[in-house]
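Asker: Structure here, sequence nowhere to be found:
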């Protein structure tokens, strides 16, 4: 468990060190950009939750993918240091299995929305 905490701390330090400087932004007048609200994370579409979710889904998918890779590495490390202990070996296998299944769930959820909801069924609000 100490290694997992260390990995999370290192990842947090890496992520927060890459954020860079944040500068104040001048909010444009509604006449220039009527459907957009300027925030620190960019232009957010107002009044449409589907557009908001679609705008930031790719970032969430990247975070999920990165976390899954870290958990696969951690599970592999746990298998390597198990030294024949069946409980530690099964714990490592379980971690890898859950990481892969979570990654597949996130990817297939994205594909379902992109292919089935947008292209095949043409659900209003998803196009």
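Answerer: Looks like it came in fine. Here the structure is a predicted model, which means the values were calculated and not measured.
Asker: which SS state does the residue nearest to residue 44 when sequence neighbours are not counted fall under?
Answerer: Leaving out its chain neighbours, the residue that sits closest to residue 44 by Cβ to Cβ, 6 or more residues apart in numbering is residue 37, at 5.0 Å. Where C-beta positions appear, they are placed from N, C-alpha and C, glycine not excepted. Residue 37 falls in the strand class when you classify it by DSSP: H, G, I helix; E, B strand; the rest coil.
Asker: Let's see the pLDDT reported for residue 37.
Answerer: Listed pLDDT for residue 37 reads 74.
Asker: Distance-wise, check it relative to residue 53.
Answerer: Separation of residue 37 from residue 53 (Cβ to Cβ, to the nearest Å): 15 Å.
Asker: name the helices or strands packed onto the longest helix along the chain?
Answerer: In the chain, with assignment by DSSP state H, the single longest helix is helix 49-80. On a contact count with 3 or more Cβ pairs under 8 Å, 6 or more residues apart in numbering; DSSP states H and E, helix 49-80 meets helix 2-17, strand 42-45, helix 86-111.
Asker: So what are the sheet partners of the shortest one and their directions?
Answerer: Strand pairing for strand 42-45, using DSSP bridges, gives strand 36-39 (antiparallel).
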